[in-house]
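>>> for reference, the sequence and a predicted model appear below.
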Amino acid sequence: MRTKDDIRVGGRTVAVSKPDKELFPDDGITKAELVDFYRTVSRPMLTHLRGRPLAMERHPDGYGGKSFFHKDVPDYFPDWIHQEEIAKEDGTVTMAVCDDAATLAYLANQACITPHPWLSRVDRLYCPDRLIFDLDPPGDDFEIVRWTARKLGDLLTTELGLRPAVMTTGSRGLHLVQLLDRRTDFDTTRAFARQAADLLAARHPDTLTTEARKNKRRGRLYLDTQRNAYAQTSVAPYAVRARPHAPVATPLEWDELDDRRIGPQHWTLRTIPDRLSEHGDPWKGLSRCRRSLGPAQRRLDALVQEDAS
């Protein structure tokens, strides 16, 4: 077994230790293959990582072994990796910021299978530039997630004037993501998301809920808006998940939701490169969908009043 490989990424040399170590032994996926994957997807992926504090989900013994979330930067990280001191409740923490392909490769070498970026950037930490609705099935039926994503997407787009995007999480469900103009703080954004979720749940009370307690949901799908808060993270688009066969969080075109073959773990580390090569990135140009919450909030307030009357 090789002990080390030196690779060139973006003008930097990154040492890959134990490149033949299997991180997904069921499929023979090695650390070297994980590093190569993140080099391959770095162009579209970095648009969602640059400038953001990053929590590292590390699996040094492979996806089935002991894992941990690493928020603070270890002393041995090279000084060319962007680091920022971030305020937290009891002080500060120095966090990594993934601004380039070399950093992404370096993190993969640290067995960071899944990077989890913040919803805000370091130059305006308290004002998110994205809003997220997290949709997981109450059981194993993904069709309810597909249906809910359509209903929520229609509400946000047709009735509120927003332009959300949709992606598989590589785990159990879907994320709906709305890019924002960074003029509202986290409290305002989270309140908007919860109000929109409450409205949709009120329209479909037998199917949807915003009840956080599982024992109160009675088999309904939970419209989760809890990620929309300071210091919360979300799985990055094109991130590998620590699950069998290395599924990948994958941006979708909206019409792909109609394809019943596509589930939350449909694409993997080994199939995403071909998807990108053949079809490109579905979220290319997503920045044009950025919106202010002000007009949407006024529309939402009016809808709540109309539905209540």
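Structure received.

>>> nearest residue to the most centrally placed residue in the chain in space, ignoring adjacent ones along the chain?
Central residue check for the chain by C-alpha atoms, centre = their mean: the C-alpha nearest the mean position is that of V235, 2.8 Å away. The shortest distance from V235 to any non-neighbouring residue, by C-beta to C-beta, 6 or more residues apart in numbering, is to A249 (5.0 Å). (Each C-beta comes from the backbone N, C-alpha and C, glycine too.)

>>> for H279, see how far away that neighbour is.
Remark: distance between A249 and H279 (C-beta to C-beta, to the nearest Å) = 17 Å.

>>> then R217?
Applying C-beta to C-beta, the value for R217 to H279 is 36 Å.

>>> more neighbours, those two?
More neighbours surround R217 than the other of R217 and H279, with 15 against 10 (other C-beta atoms under 10 Å).

>>> in this structure the more buried one contacts P138, no?
Yes: using C-beta atoms under 8 Å, R217 is in contact with P138, at 6.5 Å.

>>> just the pLDDT for the residue nearest to the centre of the chain.
With respect to pLDDT, V235 scores 98.

>>> list the contacts of it.
Neighbouring residues of V235 by C-beta atoms under 8 Å, 6 or more residues apart in numbering: 114, 116, 169-171, 175, 241, 249.

>>> over to it. Which of the three states is it?
Under the three-state scheme (DSSP: H, G, I helix; E, B strand; the rest coil), V235 adopts coil.

>>> can you check the one 10 residues further on too?
The three-state assignment at H245 reads coil, by three-state DSSP.

>>> next one: the residue nearest to V235 from T3, what distance?
To T3, A249 is 31 Å away according to C-beta to C-beta.

>>> cool, T40 as well?
24 Å.

>>> between those two, which one's more packed in?
A direct count of neighbours by other C-beta under 10 Å for T40 and T3 places T40 higher, at 17 against 8.

>>> wait, the more buried one touches P273, no?
Yes: here T40 reaches P273: they are 5.1 Å apart, a contact under C-beta under 8 Å.

>>> nice, that's everything, thank you.
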